[in-house]
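Student: Requesting a structural model of the entry that follows:
(chains A, B, C and D)
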Amino acid sequence: MTTPVELSRPLTFRERHESKIRQWRLYAHMFGKSFSSMLGLGLVALFLLLAALGPWLAPYPEDTVGAFNMANKLMGPSAAHWFGTDEMGSDILSRVIIGARTSLWIGLIITGVGAIIGVPLGIIAGYRGGWVRAVIMRITELFLAVPGLALALAIVAALGPGITNCVVALSLVWWPGYVRLVEAKTLSVKEELFVESARSIGAKTPWILWHHILPNCMSPIIVKMSMDMGMAILSAASLGFIGLGAQPPAPEWGAMISVARTYMPDWWWYSLFPGAAIFLTVLGFNLLGDGLRDILDPRSRDR
Amino acid sequence: MFGKILKNVAVAGLLASSILAAPAGAFERTDKGNVIVFGGRQAIPVLDPHVRYDWSTRMIQQSVYDALVKYEGNPAEIKPWLAEKWETSADGKSWTFHLAKNAKFHNGDPVTAEAVRYSFERGLKLNKGVAWMLKDFLAPENIVAVDANTVRFDLKAPYAPFLSFLPWWFVVNPAEVKAHEVDGDYGQKWLTDHAAGSGPFKLGRWEPNVLYEIEANDGYWKGWPQGEKNRPAGVIYKIIREPAAQKAALQRGEADIVEGLTPDDYIQIKRVPGVVIQDHKGMTTFGIKFNTQKGPTADINLRKAIAYALDYDALIQIYNGAASLETSPLPDAMKGHVAVPGMPRKDLAKAKEYLAKSAYPNGGITLPYVHVAGLEEARRIGLVLLDNLKELGITVEVKPEQWPNMVAAGSKVETSPAMTSVFTTPVSTDPDAVAYQYHKASWGQYYAMMFYDNPKVSEMIDQARAATSWDDRAKLYADIQKQIVADQPEVFGMLQNRRWAHRDYLQGFKFSPVRFTGEVDLYPMWVKAE
Amino acid sequence: MTGPLLDIQNYRLDIATFDGPVHVLKDINLTVNRGDTLGIVGESGSGKTVLVRSVLGIGPKASKVVEGKIAFDGQDITALPEKDWTKIRGIRISMIFQDPMTYLNPLFTIGQQISDVIAAHEKAAGHGVSLKTTRRARTVELLDQVGLPNPAMLFDQYPHQLSGGMRQRVLIAMALSGKPDLLIADEPTTALDVTVQAQVLDLINSLVEKLNLTVIMISHDIGAIATIAKRCAVMYKGEIVEQGLTADILSAPKHEYTRRLLAAVPDIDTAATKVAAQPAVAEPAKPGVLLEAIGLKKVYRSQSGTEVTAVNSINLSVATGEIFGVVGESGSGKSTLARMLLRLIEPTSGDIIFDGRNISGLTGEPLRLMRRHMQFVFQNPHSALNGRHTIGDAIGEPLRIQTSMSRRDIEARVEALLDIVQLPKMFKYRYPHELSGGQKQRICIARAIALNPRLLILDEPTSALDISVQAQVLDFLQELRAELDLTYVFISHNLAVIRQICDRTIVMKRGEIVEQGETETLFLSPQHEYTKALIESGRKTSRAANLSAPAVS
Amino acid sequence: MLAFAFRKVLTLVGTMIGIAALTFVITNVAPGDPARLVAGPNATEDMVTTIRTEYGLDKSLPEQFVVYMGDLVTGDLGQSIVTTRPVLEEVLRYAPATLELVFVAMAIGIIVGVPLGMLSAVYKDGPIDHITRIFSISGVALPAFWFGIILQLTFAVDLGWLPVSGRLPLVTRPPETVTGLLLVDSLLAGRLDTFWTALRHIILPAIVLSFPCLASILRVNRAEMIEVLQSDYIVAARAHGIASFRIVAIYALKNALLPTLAMIGLRFGWMLGSTVLVETVFDWPGIGLYAVSSALSSDFKPVIGVTLVIGFFFIVANTLVDLAYAWIDPRLRSA
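Tutor: Numbering: from 1, shown residues only, chains lettered A, B, ... in the order given. The predicted structure follows:
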């Protein structure tokens, strides 16, 4: 055992955060070793890039807000239109690129709202126990017993189609997953000695929840949110496919496929590219989530 | 690179499909004969002829039931059917029908005047489905079975369109219906998926949401136009919801006739050998209904401005040319139709002129355009409108809406959106069927979503209804058409063509514009086997 | 056969990690002859487990043999292909594992697991698998051999239906099933209670004699090694620092580390010399009773409605300034008692009086404020610290919760506390996982004394630590008490530790106090049967470990 | 055991009532006028009123709720306004098709997912592992509707190997209904050719439905296998000389199967929900399709009914999983 030398001078940033830096380097190293994780990161980065720079990258941005050119309709991929054109003569590439923004928005709101509702409920249920837990978990199980898509379908059908309603509906059915995840995690964290230790020094419940339980639940939450980004985008696209999702002319991949399916197989490019966009995005988020799980939360299970 | 590979794959796939699809074209054969397969998108939830009617339901109703008269031909004409002949009293209030003596129900019972009387009474008392056509003019007790083969209707007032509605009043067998009555429901429960008719077909397999089979009625009292030898053993109406699947089914010969393909599909499938496209001018009008009572569109100048801003040619392009512009509120095939001069066509200068006169000279407003969710053409017209109105500084919000919600919203002035796209198919060839939509009494109906209020027009419609002389009526309707166009309660769009795609061995297709969108008269059809 | 059974020469093993290769084993030279009993003693991280697992070809995954070789019965097994291992594992070399809980598959019956092993051996030997009934008979015989009662019934039972000691016997039976030439025992008693430990060691000893086994036993417990092994090797940081006859090493350790290790072993038969040396204890500064428990009782109700009394009507009083010992085996209720004293667990009934004030009825804010006067040090320092907080956060937390000190003051206080527990100030930026067990326990203690409490309840504070560290921590605790004027309630299952540190002691069994009194009196003339048994089993390993001690021999 | 059954039944009833209340509230928050829809386009106000009265839609929402819940207790799920039939009757008619689809999909998921998961775990971080993982995650990421259409076009339209949609060809009369599952019924009736056609029809939709489920089974099984393979008792088994294959296929798999089972239970409910999409694409006449078409006509009683049925099957499936758990894990059996 080496005895560290006591220093009288103030420590540099690097010295003070050495442990953290090492931890991050370790994460980066483990993540970088996995091909699939890096693929996921790449796909997500590409997606975020498209969402951020969409209007500047899209060759025909006006085509995404309703401009049309019937003379050009249903043209195959060409130099002018890499992904071809749709039934209104709009450029599919532009619509796919701008669609990234819609999807990002959808994914963020749904997972965000899901986590904001679900995490506190889960922590409270797991920590408090007793009837509070019973009530929260019964309601959660109730929601879980009905598949989200079916419930969302019912909600959107009642509220009327539209991207906002679709997001509202999916947010409403998304939180139970977080409750269960966080509750299970809280139950195990609660048993850790450091929680008892905090209690023994007189910490109040909110302090314990915020400083001890929540940070220790973060890893699975981050992993789940990453995966859920993809799944939320997919679910929204599914509702779009049924015809209950985004509105024209707003470009949304699911809604595009919903229209495009009637143009199969002769105008294959129409549905191929939005479909591929969904696929790659969801794949990216899932691979990323999987990779994050491997480094952050290696023992947790896919629930 | 990627695209090229995909293209090659797709081309290879298409080649493979054409090779494989070619021998696949074959109709269903059973030991009883050929069965025609009709691929359609719409289910038949309730078959009862006095409870529901939409195109798929009516296609089967028409096949298993008979009515007093039947529409046939293009232009549609009323042909005697159960009734061999009829006469009207001089005041136009009393109608007497003489029934064919050999007509009999599927179970062998003769079709009597009493059966006719019972059927009309049933329709009126249930107060569902077709009841609206006659209930204001006919009381159930004023239907009289004069003798076994004569039935008389005494109307409350002269009602010119009376006869034009009768083809949709099917006759049920009272004995069978009464036998299956539960709690005085007039046999409604039973007739949901059973039939008690006298038509050319009987019900076969009935698998809701999957397929509905009708079997030819051996010894149909009226015989078969294609000849006993050629007549099919039956028809299967198969639900195929996806247009792509419909097209595939037709190509592979799993379906002999399909409806509801996209305009672009029709162009494509026309090139497939062995496939015939039926393309006929229909009576379904498309209009963008304004809310004339509330909001910006209450301003006639704004309405005119919009009407002049719309690119009408795009409407035709959307259908790949298989549509024609409306020249009047009445469809071309309707009696009394006149081409109204000065129907608005795209004219931006004029549009801006009207806009300047409106309360919104510089636009700057947002108007919703509501269409039925899933109706592809309506959605695309919305996109056209959105693009066109940008030039007036008007923003359009294209909103799909479930049909029931749209109807609910459109039933009140307060909730009715500024612009709603509506397809309307008149149930008869009588001009009243369309004109009455512009009568104030129609408010609350989906087709009256514009809440059009012109007392003069309402009065003329009432007069025309009661007039017994066609000449008087024709004059009135001409005025009505002109006045409605002048008031611009809606953008008069186009008449889309009715189209079906079928295999070339399918014979006997007879078009009649009065039928609903996908509806086909199955009775004369047959398969010509090589 | 002439050569040694196992011959390890210049064996070096590296494990690749993110920070580069770690030299786990350095230049190991070891020979075991037939009939030998070799003990390898070493603390956690010394590489002893890696070494014996390498002998069985189940070493760590990312490892690499840098140099040297292992020969078994003349055959080089350093890089043996997997299929050849099946002829050796379980048949020629077999192993007894440390924790009987996790080394038995929970989903298969005892009998099936053993007869599967038998079948595997028969298959490997190449003479066909015998009948199920034959194997069953053999299994029952084995179970009988390891002294398990009613082996025929045991055959169809699952691991969870057995006690820890029984499971350890099952593992031994499994290891014996192949009649191995070499038996490796990896800390076979560590996870067991004191009384059970002694029994298992007796069993192994008798088996060695009866079956004439060649054994390598590894342990951190010199006492256990001394009971079994005639020869002994001491490992430290991947090296064998000393080897020879066990008796020699115990009586005349040559290497400095061995000496340190032996000195650290507390002796159950030696009275605490320090007690007399410290007048502060004999004459407390503030005489009187600090903590009193009256009729303390805890009943747990399971879901099915059955009641389990964890602690039953305990009365005790702790005088200011004394070290009050609580001793008992696992399940005796001592931890529950400790937590109840601090109101971390609500007592079912009874009163707790702290400094003359009944605290059993306190709730909310008064309870919270009261906590600053009495603190808890937990058994396992690894999980008592939140892995997401830096050491600075952990030590500063009580100050942030209980005082309104400024950030800067807290920083200063944290540094002062680190000083008190003799750790460098730099540590406040570290995370718990970077610290050793002993360091972590010091952090826990620093955290506990941050608020200047009057009472510390120490729940087995050293049982998760290595022996040498344990000694350091115990010494430190005594110093600290003198320095800060503390009163301790000290809980332990280790009688030697209790005798070394406590003034008065209670002995607990199944939630009740069976005996109490001055520690010395208790050890010299135990009254209760249970106390006697406890001391006797403790003495078994302890005495052996102190062969050289003149007091015993 | 009896107490267990009683508790389960109680949970089931409670959850069902909860689901019914939940969906009732959700579906009735917004205005929709199914009465006007079924009355027909030209119906007059009094005709619409007739229908409203007939279906109790003229009552206030709380009243309707009370009536609905009252009927529910007696097993009456109300009446579909579009088809005029009792919802229970219709749901029972459509449920077998969905169940058949889900069973086959589940079978595919298990048969493919479990061995692949094992393989992936055994060869962790090798090429096989990476391929399997990307394959499995692709399964989750593929939009079912898109994938379905692509399979349809490839295997049915282009290659012509399999039928496009439906459960049976038009002229094939379904075998006598015993279970409602065509695959079972055709075998019971001894009609092998019908069995074969039915199988050909179910393949594509089942593959589409099974893919995400396969992926999660694979993922869980892989994760569990990895964990179990590192566990002490597996190390012990190796040390005792038990063959590697036996260790993986029997010792480890049985332990890894428990969480996989739990996942299967969860996925069962999820699959029932996903049939909404798959049935739409493949014209599969099941409850998913029924739910979609009802939802699109604002006909909410069937929507509630379908949700209830899905919830019911979900709970039943999970109860079965609990039982299987107890069967496999002796620790639970004695508790």
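
Student: can you list contacts of stretch B:139-151?
Tutor: Judged by Cβ atoms under 8 Å, 6 or more residues apart in numbering or on different chains, the contacts made with stretch B:139-151 from elsewhere in the structure are B:96-99, B:101, B:110, B:112-114, B:116-117, B:120-121, B:124-125, B:152-156. For every residue, glycine as well, the C-beta is placed using N, CA and C.

Student: Please spell out the PyMOL selection for the buried subset of these.
Tutor: A single PyMOL command suffices to select whichever of these are buried according to 16 or more other Cβ atoms under 10 Å in any protein chain shown:
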select buried, chain B and resi 96+97+98+99+110+112+113+116+117+120+121+124+152+153+154+155
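
Student: So which of the contacts of stretch B:139-151 are in strands?
Tutor: Using DSSP state E, B:T96, B:F97, B:H98, B:L99, B:R152, B:F153, B:D154 are the members of these that sit in strands.

Student: Most widely separated two among the residues you listed?
Tutor: Distances among the ones in strands among the contacts of stretch B:139-151 were taken as Cβ to Cβ; the most separated pair is B:L99 and B:D154, at 17.7 Å.

Student: what's the span of stretch B:447-465, first residue to last?
Tutor: 19 Å (Cα to Cα, to the nearest Å).

Student: can you tell me the average pLDDT over the one helix or strand C:A247 maps to?
Tutor: When secondary structure is defined by DSSP states H and E, C:A247 falls within helix C:246-251. Per-residue confidence for helix C:246-251 averages out to 86 on the pLDDT scale.

Student: immediately after it, which helix or strand?
Tutor: Scanning the chain past helix C:246-251 towards its C-terminal end, the next helix or strand to appear is helix C:256-264 (assignment: DSSP H and E).

Student: Show me the shaky parts of the chain.
Tutor: Answering for chain A, as no chain was given. Scanning chain A with the threshold set as pLDDT under 70 gives A:1-11, A:247-248, A:297-303.

Student: hmm, I had chain D in mind actually
Tutor: Counting by pLDDT under 70, chain D contains low-confidence residues at D:1, D:30-32, D:170-171, D:333-335.

Student: rerun that using 90 as the cut-off
Tutor: Counting by pLDDT under 90, the ranges of chain D that qualify are D:1-85, D:93, D:118-198, D:200, D:211-285, D:288-335.

Student: Check the stretch 451-553 of chain C too.
Tutor: By pLDDT under 90, the low-scoring segments of the stretch 451-553 of chain C are C:451-454, C:459-486, C:492-503, C:509-553.

Student: The same query, at a cut-off of 80, please.
Tutor: Within the stretch 451-553 of chain C, the ranges that satisfy pLDDT under 80 run C:464, C:538-553.

Student: what number of residues lie near whichever residue of it sits closest to chain B?
Tutor: In the stretch 451-553 of chain C, no residue comes nearer to chain B than C:A464, which is 58.8 Å away by Cβ to the nearest Cβ. Counted with other Cβ atoms under 10 Å in any protein chain shown, residues neighbouring C:A464 total 20.

Student: same check, this time on B:D521
Tutor: Using other Cβ under 10 Å: B:D521 sits among 18 other residues.

Student: Regarding it, what is its secondary structure?
Tutor: In three-state terms, and counting by DSSP: H, G, I helix; E, B strand; the rest coil, B:D521 is coil.

Student: List the buried residues of the helix or strand encompassing B:K456.
Tutor: In the assignment (DSSP H and E), B:K456 maps to helix B:455-466. For helix B:455-466, the neighbour count (16+ other Cβ under 10 Å) marks B:V457, B:S458, B:M460, B:I461, B:A464, B:R465 as buried.

Student: hmm, stretch C:464-478 touching chain A?
Tutor: No: for stretch C:464-478, no contact with chain A is found by Cβ under 8 Å from any Cβ of the partner chain; the gap never falls below 10.4 Å.

Student: what does that stretch rub up against?
Tutor: Contact with stretch C:464-478 is made by C:43-44, C:220-222, C:260-261, C:263-266, C:274, C:278, C:379-382, C:421-422, C:436-438, C:441-442, C:445, C:458, C:461-462, C:488, C:497, C:500-501, as judged by Cβ under 8 Å, 6+ apart.

Student: Just the buried residues from these, in ChimeraX please.
Tutor: Buried residues within the contacts of stretch C:464-478, as defined by 16+ other Cβ under 10 Å, are selected in ChimeraX through the command that follows:
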select /C:43,220,221,222,261,264,265,266,379,380,381,382,421,437,438,441,442,445,458,461,462,488,497,500,501
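
Student: Give me the subset of the contacts of stretch C:464-478 lying in helices.
Tutor: Using DSSP state H to define helices, the subset of the contacts of stretch C:464-478 located there is C:222, C:260-261, C:263-264, C:274, C:381-382, C:437-438, C:441-442, C:445, C:497, C:500-501.

Student: Looking at those, spot the one nearest C:E483.
Tutor: Using Cβ to Cβ, C:I445 is the member of those that lies nearest C:E483, at 12.0 Å.

Student: so what's that closest one up against?
Tutor: Residues touching C:I445, when contacts are defined by Cβ under 8 Å, 6+ apart, comprise C:V377, C:V421, C:P461, C:F476, C:L477, C:L480.

Student: Could you work out the most separated pair of those?
Tutor: Taking Cβ to Cβ, the two most distant members of those are C:V421 and C:P461; they sit 12.7 Å apart.

Student: what residues are up against C:K69?
Tutor: Per Cβ under 8 Å, 6+ apart, neighbours of C:K69: C:I8, C:Q9, C:N10, C:Y11, C:D76, C:T78.

Student: And the furthest pair within the ones in helices among the contacts of stretch C:464-478?
Tutor: Within the ones in helices among the contacts of stretch C:464-478, two members stand farthest from each other by Cβ to Cβ: C:K274 and C:H382, at 28.3 Å.

Student: Return the residues of the stretch 401-530 of chain B in contact with chain A.
Tutor: Within the stretch 401-530 of chain B, the positions near chain A by Cβ under 8 Å from any Cβ are B:E401, B:Q402, B:N405.

Student: repeat that for 6 Å
Tutor: Contact residues of the stretch 401-530 of chain B with respect to chain A, defined by Cβ under 6 Å from any Cβ of the partner chain, are listed as B:N405.

Student: Could I get the full set of helices for the stretch 401-530 of chain B?
Tutor: Listed in chain order, the helices of the stretch 401-530 of chain B (DSSP state H, counting those that start in this stretch) span residues B:403-409, B:432-435, B:455-466, B:470-487.

Student: How about chain A?
Tutor: Using DSSP H, the helices of chain A run over residues A:13-16, A:18-33, A:35-57, A:92-128, A:130-145, A:148-159, A:163-190, A:193-200, A:205-208, A:214-242, A:253-260, A:268-296.

Student: go on, the stretch 201-335 of chain D?
Tutor: Applying DSSP H, counting those that start in this stretch to the stretch 201-335 of chain D gives helices spanning D:232-239, D:244-246, D:253-282, D:287-296, D:300-328, D:330-334.

Student: does the fifth one come close to chain A?
Tutor: Right, the one you point to is helix D:300-328. Yes: under the criterion of Cβ under 6 Å from any Cβ, chain A is reached by helix D:300-328 at D:V303, D:T307, D:G311, D:F314.

Student: Can you tell me the SS state at B:G342?
Tutor: Relying on three-state DSSP, one would call B:G342 coil.

Student: Can you get me a residue count around the residue nearest to it when sequence neighbours are not counted?
Tutor: Take B:G342 and drop its neighbours on the chain: the residue closest to it by Cβ to Cβ, 6 or more residues apart in numbering or on different chains is B:V485, 7.5 Å away. Neighbouring residues of B:V485 were enumerated by other Cβ under 10 Å; the total is 21.
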